[in-house]
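Peer 1: Dropping the sequence and predicted coords here.
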Amino acid sequence: MARSPLAFEHTTVITAAPDSVLAAFFDPIALSNWWDTVRSVTTPRPLGIYAIEWRVTPFSDQLLGTLGGVFYGTVMEFHPGREFFLADAYWLPPQSNPFGPMALEVSCRVSGPATHLRVRQSGSDEGARWERYYDVISAGWKASLSDLKGYLERERSDDLDSRASRPRAVSVQTPAVSPSRPFSDKPEVLPRTQVSEPIPAPVIRPSTSLPQPTPPVIQEHTSPTSTPTAGSTGSPGGQTPVKPKPTSQTSISSAKHLARRRRRRKGRS
């Protein structure tokens with residue numbers, strides 16, 4: 001009776017988006033946090049390279065030797081936010097012969113506000129060495145996936161806290177009527193604008209270099225005096241010139257002279 005091949009399968013629920021969960025298998029920083037890798041070259045595309053390295057452990061297993069080493073394979077399928085499939089995978093222990101070929105399947109699906117993650121590693125040969133290998137990686141996978149859950153949920157919590165503490169900019173909506181619709185009942189709303197401090201109006205100072213206004217020149221007007229010519233009566237064209245009106249002193253003298261003449265006439269009579 002043929003024995004079923006050895007395999008490891010584990011599921012967990014992580015409060016994070018499927019894209020974030022799947023990306024944690026390819027991001028070097030995430031891999032160093034939850035899978036304790038020291039180096040990684042991962043290409044999320046078909047025929048991409050998937051290679052990671054762990055530190056060599058200070059202890060040694062009786063059948064496997066020291067742990068750590070390198071795990072590598074070829075990405076055969078990759079669907080963002082859903083799954084990826086790794087084929088021709090091998091583990092190269094630091095002190096013993098390689099294990100492989102193997103396959104690694106990782107899939108994600110939405111489960112309410114969280115993501116249901118499934119990891120399955122398969123492929124084996126007969127012998128106590130392979131059985132010991134799956135015993136070791138089963139415990140290692142469970143511990144690593146627990147660290148992955150904690151890492152992603154902490155990242156999500158920190159992101160929500162940073163968004164909540166981020167100051168919000170005050171914005172206003174300025175209604176305005178579009179020129180193309182001057183009689184529209186619904187005014188057009190302009191884009192949001194940032195409220196800023198008012199700009200002070202510029203102060204206009206008088207300049208001392210301005211030219212001073214020139215005072216108007218008042219000209220005196222004099223009556224022209226006509227000079228009589230020979231053969232004339234004193235005015236051009238032979239006309240008698242009009243005598244100017246007597247001034248106030250002349251009028252007073254004439255009035256006194258007439259008053260004397262009247263008194264003389266009365267005395268004679």
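Peer 2: Received it, and whenever you're ready, just let me know what you need.
Peer 1: All the helices of the stretch 1-150 of the chain, residue numbers only.
Peer 2: Under the criterion DSSP state H, counting those that start in this stretch, helices of the stretch 1-150 of the chain are mapped to 18-23, 28-34, 128-165.
Peer 1: any low-confidence regions in this structure?
Peer 2: Filtered on pLDDT under 70, the chain yields the residue ranges 1-4, 158-253, 267-269.
Peer 1: which residues of it fall in strands?
Peer 2: Per DSSP state E, the chain has strands spanning 7-14, 37-42, 48-54, 60-61, 65-66, 69-79, 83-92, 99-111, 114-122, 171-172, 175-176, 188-189, 193-194. These are given in chain order.
Peer 1: So which residues make contact with the second one?
Peer 2: Right, the one you point to is strand 37-42. Strand 37-42 is contacted from outside by 25-26, 28, 31-32, 48-55, using C-beta atoms under 8 Å, 6 or more residues apart in numbering. Just so you know, the C-beta spots here come from the backbone N, C-alpha and C atoms, and that holds for glycine as well.
Peer 1: which of those residues are buried?
Peer 2: Among these, those classed as buried by 16 or more other C-beta atoms under 10 Å are Phe25, Phe26, Leu31, Gly48, Tyr50, Ala51, Ile52, Glu53, Trp54.
Peer 1: and which of these is nearest Arg82?
Peer 2: Ranked by distance to Arg82 (C-beta to C-beta), the buried ones among the contacts of strand 37-42 are led by Phe25 at 12.5 Å.
Peer 1: tell me the contacts of the closest one?
Peer 2: Leu31, Thr42, Phe84, Val106.
Peer 1: can you tell me the distance between the two ends of stretch 13-29?
Peer 2: Counting by C-alpha to C-alpha, to the nearest Å, you get 21 Å between the two ends of stretch 13-29.
Peer 1: what about Ala128, how many neighbours?
Peer 2: When counting by other C-beta atoms under 10 Å, one arrives at 8 neighbours for Ala128.
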